[in-house]
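Student: Predicted coordinates and the sequence they were generated for:
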Amino acid sequence: MRTWPLLTLLLTPSLAQAASLDASAFGPLWALPFVGMLLSIALGPLLAPRFWHHHFGKVALFWAACFVLPLAATQGLGVTAAAVWHTLLAEYLPFVLLLVALFTASGGIYVRGNLHGSPALNTGLMALGAALASVMGTTGASMLLIRPLIRANDNRRHVVHVIVFFIFIVSNAGGSLTPLGDPPLFLGFLQGVSFFWTVRHVGPEMLFVVGLLLAMFYAIDRHWYAKEGVLPQDPTPDTPRLGLDGAINFLPLGLVVGLVLLSGLWKPGVVFDLFGTPLALQSLVRDVGLIGVTLLSLALTPKGVRERNQFSWAPMAEVAKLFIGIFLTMLPVLVMLQAGLNGPFAGLVQWVSTAEGQPIPLAYYWLSGWLSAFLDNAPTYLVFFNLAGGDAAQLMASGAATLAAISAGSVFMGAMSYIGNAPNFMVKAIAEDRGIAMPSFFGYMAWSCGLLLPVLALMSWIFFR
C-alpha cells in the first residue's frame, strides 16, 4: 500500500513535467550517494558477503533514496519526479532491455565439443571475441563466449586471469571499431559521426591495445598452464564433435543489431510525450522490439539447451538491481560535469584545453577515460563530445585527434573497474555463479592498474601526445 503515493506522484502529468536539473543547485556533497554506491559494490561482497548476496538490491535502493529525498526537499517534488521518471524511462529501461535481449539470446547458444583451455585456445577465443564485439556489441560477444570459455577452463586450477583478460579484451577494447560495439560510439553515431569513422581513426589504437593484451595473456596463461597443468578429472564430459546447439538464437541476436541500427538511422520525427518525458517513435519501436526479441529467443531455443549452458537469471537480476542505484546516484555528478566551466568541476574542464582554448587530445583521453571507468561511459562520452564543440562534421575533420581520444578513452578505460561497462559486471556475475572466486572491486582494479593501465598509457603516448 505504501508504494501507491510514489507511483501516483511519478505518473501525474502535472508533477512529472520534463525538467532539467539546475547545476547551480549542486555541489560536491551531492556526489556522496554515488560514492557510497561505489564503495558498497566494492566492499559489500568483501566485508559482508552473506548480507550483500541477499540484500544488494536494498542497498542500491538506499543510496538512490539518499539522492532522491534531498533532491525533493531542495528542488521540489515535481522536479524530482520528472528527473527520476526521465532517468528510468529514457535511460535505464532501454539499457536493461538491451542487456536482457542480448543475455537471453546468447544464453540460448551452447557451444559443445572437446574444448580444452590451453593457452592457444584461450587466446584464440579472446581474439574471436574481440572481432565479434564490434559487430554484435561487447555485451553480445561477452555473453556468447564467456560460458564456453569457463567450461573450457574448468579443469584448470587458476582461471581468474582468464576472466580478467576476457573483460579487458572482449567486454571493452574489442568494441571500439563501430557504433554497434559500445554505447558511447553509438551515441556519437546518433550525433552525426559516420559509421566507419571509428574504424579508420580508432582502429590502429584498438589493434595495438588488443594485440599487446593478447600477447601478455598468452605469456601469463602459458606460464600457469606449464606450471600447474590440468586437474586429473575434467568436470565437463567430452562430446564427440564440436558444434552449436541453439544456433537459431543467432536470429534474435541479428534482430537486436538491426533494432539498434534502426533507432539510429530511422528518424520519422514523431515524438510522444509520456508524462513529461519525450519518447521518439524510433526509440519506442526499438524497446518494444527488444522485448519481442527476448520472448522470441525463449520460444525458439530448443528444450534443454539453456540447462546444458547452465543458464541462470541471477547475473542479469544483479546487474539490473545495482544499476538502478548507479543510474540515479550518478545523475547529479553528470549534471555538474555538463555545466562545464560554470559548474563545480570547472578545474577538470580547464585541464583539457590550452590557455588559448585549443583542445589537448591526451588530456581528453585520460579525463574521459577515468570518468568512464566509474560513471556510465555513454553519457561521459557525450559530455566531452559537447565540450569539444559538439559539431560532428568539425570533430571528424580538424578535431579528429580529439574525437579519437574521447572515443578511445570512453571505450578502453571502461575496463578499469567492474562498473565501467555493463558487460564487466555481467561477466563477473556469471563467473561467480560458476564457482570462480573473482577479485573484489579493488582487487580487480589491482589487476587493471597493474596490467591494463601500462598498455593504455603506452598507447596514449604513441597516438595522442
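Tutor: It's in. Numbering: from 1, shown residues only.

Student: give the contact list for A422.
Tutor: 95, 99, 139, 319, 323 (CB atoms under 8 Å, 6 or more residues apart in numbering). Glycine gets a C-beta too; all of them are placed from N, C-alpha and C.

Student: Please repeat the previous calculation with a cut-off of 6 Å.
Tutor: By CB atoms under 6 Å, 6 or more residues apart in numbering, the contact list for A422 reads L99.

Student: Helices of the stretch 151-300 of the chain, start to end?
Tutor: Along the stretch 151-300 of the chain, counting by DSSP state H, counting those that start in this stretch, helices occupy 160-169, 183-190, 197-228, 250-265, 281-300.

Student: Minimum distance to G435: which of those has it?
Tutor: Closest approach to G435 among the helices of the stretch 151-300 of the chain is made by helix 160-169 (12.0 Å; CB to CB).

Student: hmm, who's touching that closest one?
Tutor: With CB under 6 Å, 6+ apart as the criterion, helix 160-169 contacts 122, 126, 130, 153, 210, 213, 217, 220, 415, 424, 427, 431, 447, 452.

Student: one step back: make JSON lines out of the helices of the stretch 151-300 of the chain and add distance to H54.
Tutor: Output for the helices of the stretch 151-300 of the chain, formatted as JSON lines (distance: least, CB to CB, whole Å):
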{"stretch": "helix 160-169", "distance to H54": "24"}
{"stretch": "helix 183-190", "distance to H54": "31"}
{"stretch": "helix 197-228", "distance to H54": "34"}
{"stretch": "helix 250-265", "distance to H54": "32"}
{"stretch": "helix 281-300", "distance to H54": "27"}
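
Student: and these, which one's lowest on average pLDDT?
Tutor: When mean pLDDT is averaged over each of those, helix 183-190 scores lowest at a mean of 82.

Student: Confirm that P439 sits in a helix.
Tutor: No. Counting by DSSP: H, G, I helix; E, B strand; the rest coil, P439 falls outside a helix, being coil.

Student: which one of the contacts of helix 160-169 sits closest to A378?
Tutor: In terms of CB to CB, no member of the contacts of helix 160-169 lies closer to A378 than N424, at 14.2 Å.

Student: can you list the helices of the stretch 151-300 of the chain in TSV and add distance to Q394 and mean neighbour count?
Tutor: Converted to TSV, these look like this (distance: least, CB to CB, whole Å; neighbours: other CB atoms under 10 Å):
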stretch	distance to Q394	mean neighbour count
helix 160-169	33	24
helix 183-190	13	23
helix 197-228	13	18
helix 250-265	20	18
helix 281-300	26	17
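
Student: Out of these, the one nearest A378 is which?
Tutor: That would be helix 183-190 among those, by CB to CB, at 4.0 Å.

Student: In strands, which of the contacts of helix 160-169 appear?
Tutor: Assigned to strands by DSSP state E, none of the contacts of helix 160-169 qualify.

Student: Go through those residues and say which is closest to P70.
Tutor: N424 (29.7 Å).

Student: how close does that closest one get to G140?
Tutor: 14 Å (CB to CB, to the nearest Å).

Student: and the contacts of helix 160-169 as a markdown table, adding distance to V305?
Tutor: Output for the contacts of helix 160-169, formatted as a markdown table (distance: CB to CB, whole Å):
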| residue | distance to V305 |
| --- | --- |
| N122 | 24 |
| M126 | 24 |
| A130 | 26 |
| N153 | 21 |
| V210 | 30 |
| L213 | 32 |
| F217 | 29 |
| I220 | 33 |
| A415 | 30 |
| N424 | 26 |
| V427 | 21 |
| A431 | 21 |
| W447 | 33 |
| L452 | 34 |
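
Student: Where does pLDDT dip in the stretch 351-465 of the chain?
Tutor: Segments of the stretch 351-465 of the chain classed as low confidence (criterion: pLDDT under 70) are 376.

Student: try 80
Tutor: In the predicted model of the stretch 351-465 of the chain, residues 353-357, 375-380, 382-383, 386-387, 389-390, 422 satisfy pLDDT under 80.

Student: all helices of it, in order?
Tutor: 361-372, 377-387, 392-396, 400-412, 422-433, 441-447, 453-463.

Student: closest one to A299 among the ones you listed?
Tutor: For the helices of the stretch 351-465 of the chain, proximity to A299 was assessed by CB to CB; helix 422-433 is nearest, at 23.0 Å.

Student: what's the angle from that closest one to helix 160-169?
Tutor: Taking axes from the mean of the first three to the mean of the last three CA atoms, to 10 degrees, one finds that helix 422-433 is oriented at 160 degrees with respect to helix 160-169.

Student: how much distance is there from helix 422-433 to the middle of the chain?
Tutor: Centroid separation between helix 422-433 and its chain, computed with CA atoms, centre = their mean, to the nearest Å, is 11 Å.

Student: cool, stretch 176-188 as well?
Tutor: Offset of stretch 176-188 from its chain centre (CA atoms, centre = their mean): 11 Å.

Student: which other residues reach that stretch?
Tutor: Residues outside stretch 176-188 that contact it (CB under 6 Å, 6+ apart): 133-134, 137-138, 175, 189, 198-199, 202, 206, 377-378, 381-382, 410-411.

Student: from the contacts of helix 160-169, which is closest to H86?
Tutor: N424 (25.7 Å).

Student: one step back: and which of the contacts of stretch 176-188 is nearest to T301?
Tutor: Lowest distance from T301 to these (CB to CB) belongs to G137, with 19.8 Å.

Student: before we move on, back to that, please identify which of the helices of the stretch 151-300 of the chain is closest to W366.
Tutor: Short answer: helix 197-228, nearest of the helices of the stretch 151-300 of the chain by CB to CB, at 13.9 Å.

Student: got the angle between the closest one and helix 183-190?
Tutor: Using the same axes, to 10 degrees, helix 197-228 lies at 170 degrees relative to helix 183-190.

Student: relative orientation of helix 197-228 and helix 400-412 in degrees?
Tutor: Using the same axes, to 10 degrees: helix 197-228 against helix 400-412 is 40 degrees.

Student: Great, nothing more from me.
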